[in-house]
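Undergrad: sharing a model that was predicted from the sequence below.
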Amino acid sequence: MRLGCIGDDFTGSSDLANTLAKQGMRVTQYSGTPRTDAAETVDAGVVALKSRSIDPGDAVAQSLEALDWLKSQGCEQFFFKYCSTFDSTPEGNIGPVADALAEALDAQKVIVCPAFPGTGRSVYQGHLFVKDTLLSESGMQTHPLTPMTDPDIRRWLTRQSRFAVGHVAAQHVQSGTDAIRQCIESEHHSGKRLIVIDAIRDEDLVEIGKTAKDLRLVTGGSGVALGLPANFGYTPSLVPWTPQPGKSIVLSGSCSLATRRQVKAHIAQHPSREVNAAEVIEGHLTAEETADWLLGSEGIPMAFSSADPDIVADIQATYGRERSAAALETFFSDVAKVARAGGATRIITAGGETSGAIVEGLGLETLEIGPEIDPGIPALRAGPDLVVALKSGNFGAEDFFEKADRMLKG
Ligand SMILES: Nc1ncnc2c1ncn2[C@@H]1O[C@H](COP(=O)(O)OP(=O)(O)O)[C@@H](O)[C@H]1O
Ligand SMILES: O=C(O)[C@@H](O)C(=O)COP(=O)(O)O
């Protein structure tokens with residue numbers, strides 16, 4: 001294994017794995033830190049953690065455990081993957097985890113770059129944009145778990161990190177590798193350890209990737225990984241796929257804007273059932289009942305709790321943020337288990353936390369990376385008769401669920 005990656009959620013990990021696979025690396029995604037060695041054939045290993053919204057101390061401990069395992073597999077460089085919308089709270093977990101990995105690797109110059117132009121995320125003047133709006137006006141300001149209310153990544157990260165935060169501006173990035181390297185050095189000499197880098201185009205990310213050749217630790221969204229495989233001599237290639245027949249279901253616990261649009265579009269075409277959060281939390285709706293309905297329905301049936309911010313806010317005010325999230329995640333995980341036992345072979349999930357709960361619940365230890373369905377979302381094989389797609393909250397076309405099923409089915 002050459003490149004060792006740690007993802008702070010499961011959808012984000014598959015997004016990174018997708019970028020690396022398209023650039024020619026053989027990639028495997030692991031659910032948590034494996035207890036055994038990786039197969040010899042793996043070039044890049046992505047350890048997916050569910051660490052984005054947990055206590056910062058736990059996130060650090062889990063990330064360091066993953067790092068130890070990746071080191072033991074022979075990795076030469078390490079990547080910490082977080083969300084292209086920098087999902088975190090003022091306490092973490094991006095800063096604390098990046099700090100801990102930097103110290104463990106003695107990395108003095110650490111790139112911080114959430115940009116992913118392919119999905120409209122760009123960093124300019126240290127501010128994160130989602131398409132043409134600032135992060136804090138993009139819908140992310142009402143995220144159920146990590147509301148993003150400050151678009152200045154430097155300022156947000158400064159609240160989370162023990163280290164001074166630096167910046168490389170777009171005009172230097174656009175001047176190419178030498179200019180970027182000089183700016184990083186200059187920030188380093190002025191005592192900055194975490195260095196936010198502007199990037200608005202894929203070309204910028206490729207240049208940043210080249211600059212990162214000698215850095216032990218790189219952090220960011222999947223975009224900044226674009227240029228890394230070439231440093232190891234890999235070249236872009238087509239990712240193979242074996243079609244998976246059988247029964248498909250969609251489970252959506254994401255309340256992000258893109259998912260809500262996709263849910264609306266899917267309802268118009270396929271059997272769909274809204275999961276009432278209060279009924280789940282109160283224990284009035286069982287996973288068995290929902291799974292039976294999914295298995296008995298035609299087409300690409302969907303169960304969803306995806307709701308508008310005011311509805312989510314009401315649920316959280318009544319039951320608490322953590323309790324409602326935990327109850328819904330457990331519910332979707334249980335639905336997936338029953339549906340799988342009842343014959344589901346294609347499972348499409350929406351939402352990072354939701355997907356993490358489902359993949360862990362199903363006990364899927366490794367995921368092989370297949371072709372890209374939409375930017376940042378690959379088809380994944382979990383076993384001889386099970387395939388999945390883990391959709392990040394704000395990724396995917398409006399007809400994503402149908403499109404994903406078409407690709408998984410082959
Ligand atoms: N109707 C709802 N009310 C309150 N919380 C909800 C509701 N539906 C989903 N959630 C919770 O919101 C969180 C959404 O996070 P996640 O699955 O990561 O989606 P995204 O990828 O869009 O951020 C999950 O913890 C989920 O359980
Ligand atoms: O970088 C991204 O935007 C994604 O890979 C990602 O991490 C998305 O997380 P969720 O929106 O929570 O699914």
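TA: Received, thanks. Everything numeric in this text was worked out from a predicted model, so none of it was measured. Residues are numbered from 1 along each chain as shown. Ligands and ions are numbered 1, 2, ... in the order given.
Undergrad: CA atoms for contacts and neighbours, from now on please.
TA: OK.
Undergrad: right, and ligand 1 sits closest to which residue of the stretch 151-300 of the chain?
TA: Ser254 (3.5 Å; Cα to the nearest ligand atom).
Undergrad: for Ala17, see how far away that residue is.
TA: Here the criterion is Cα to Cα, to the nearest Å. By it, Ser254 lies 21 Å from Ala17.
Undergrad: same deal with Glu185?
TA: From Glu185 over to Ala17 (counting by Cα to Cα), the distance is 29 Å.
Undergrad: the helix or strand containing Ala357 packs against which elements?
TA: Ala357 is part of helix 352-362, with elements assigned from DSSP states H and E. Helix 352-362 sits against helix 10-22, helix 321-341, strand 386-391, with contacts defined as 3 or more Cα pairs under 8 Å, 6 or more residues apart in numbering; DSSP states H and E.
Undergrad: returning to what we had before: list the contacts for the residue of the stretch 151-300 of the chain closest to ligand 1?
TA: Arg260, Ser305, Ser306, Ala350, Gly351, Gly352, Thr354, Gly393 (Cα atoms under 8 Å, 6 or more residues apart in numbering).
Undergrad: hmm, 6 Å instead?
TA: Ser306, Ala350, Gly351, Gly393 (Cα atoms under 6 Å, 6 or more residues apart in numbering).
Undergrad: if we check ligand 1, which of those are in contact?
TA: Ser306, Gly351, Gly393 (Cα under 6 Å from any ligand atom).
Undergrad: from the residues you listed, list the ones also adjacent to ligand 2.
TA: Checking the ones next to ligand 1 among the contacts of Ser254 against ligand 2 (Cα under 6 Å from any ligand atom), the matches are Gly351, Gly393.
Undergrad: including pLDDT, could the contacts of Ser254 go into a markdown table?
TA: Putting the contacts of Ser254 into a markdown table (pLDDT from 0 to 100) gives the following:
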| residue | pLDDT |
| --- | --- |
| Ser306 | 98 |
| Ala350 | 98 |
| Gly351 | 96 |
| Gly393 | 94 |
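Undergrad: so which of the residues you listed comes closest to Ile200?
TA: Checking the contacts of Ser254 against Ile200 with Cα to Cα, the nearest one is Gly393 at 21.3 Å.
Undergrad: count the residues that sit near the closest residue in space to the closest one that isn't next to it in sequence.
TA: Nearest non-adjacent residue to Gly393, counting by Cα to Cα, 6 or more residues apart in numbering: Gly351, 4.7 Å away. Number of residues near Gly351 (other Cα atoms under 10 Å) recorded here: 26.
Undergrad: follow-up on the earlier one: Glu185 and Ala17 - which one has more neighbours?
TA: Neighbours per residue (other Cα under 10 Å) separate Glu185 from Ala17, with Ala17 holding more: 32 against 14.
Undergrad: is it correct that Leu194 falls within a strand?
TA: Yes - under DSSP: H, G, I helix; E, B strand; the rest coil, Leu194 falls within a strand.
Undergrad: mind checking how far the residue of the stretch 151-300 of the chain closest to ligand 1 is from ligand 2?
TA: Between Ser254 and ligand 2 the computed distance is 8 Å (Cα to the nearest ligand atom, to the nearest Å).
Undergrad: picking that back up, can you pick the most crowded of the contacts of Ser254?
TA: Going by other Cα under 10 Å, Ala350 tops the contacts of Ser254 with 28 neighbours.
Undergrad: hmm, Lys391 and Ala350 touching each other?
TA: Yes - the pair Ala350 / Lys391 is scored as a contact, 4.6 Å apart, by Cα atoms under 6 Å.
Undergrad: enumerate the residues of the stretch 251-400 of the chain near ligand 1.
TA: So far as Cα under 6 Å from any ligand atom goes, the stretch 251-400 of the chain lies against ligand 1 at 253-256, 277, 305-307, 312, 315, 324-325, 328-329, 351-354, 392-393.
Undergrad: skipping adjacent residues, who's closest to Arg273 in space?
TA: Looking at Arg273 with Cα to Cα, 6+ apart, the closest residue is Ala303, at 4.9 Å.
Undergrad: one step back: need the ones next to ligand 1 among the contacts of Ser254 in TSV with distance to Gln171, can you?
TA: Converted to TSV, those look like this (distance: Cα to Cα, whole Å):
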residue	distance to Gln171
Ser306	40
Gly351	35
Gly393	31
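Undergrad: how far away is the residue of the stretch 151-300 of the chain found nearest ligand 2 from Cys5?
TA: Distances between the stretch 151-300 of the chain and ligand 2 by Cα to the nearest ligand atom are smallest at Gly221, namely 4.7 Å. To Cys5, Gly221 is 12 Å away according to Cα to Cα.
Undergrad: again, but for Lys213
TA: 15 Å.
Undergrad: neighbouring contacts of the helix or strand containing Leu157?
TA: Applying DSSP H and E as the criterion places Leu157 in helix 153-160. The contact list for helix 153-160, computed with Cα under 6 Å, 6+ apart, reads Pro90, Glu91, Gly92, Gly95, Gly126, His127.
Undergrad: right, I'll leave it there.
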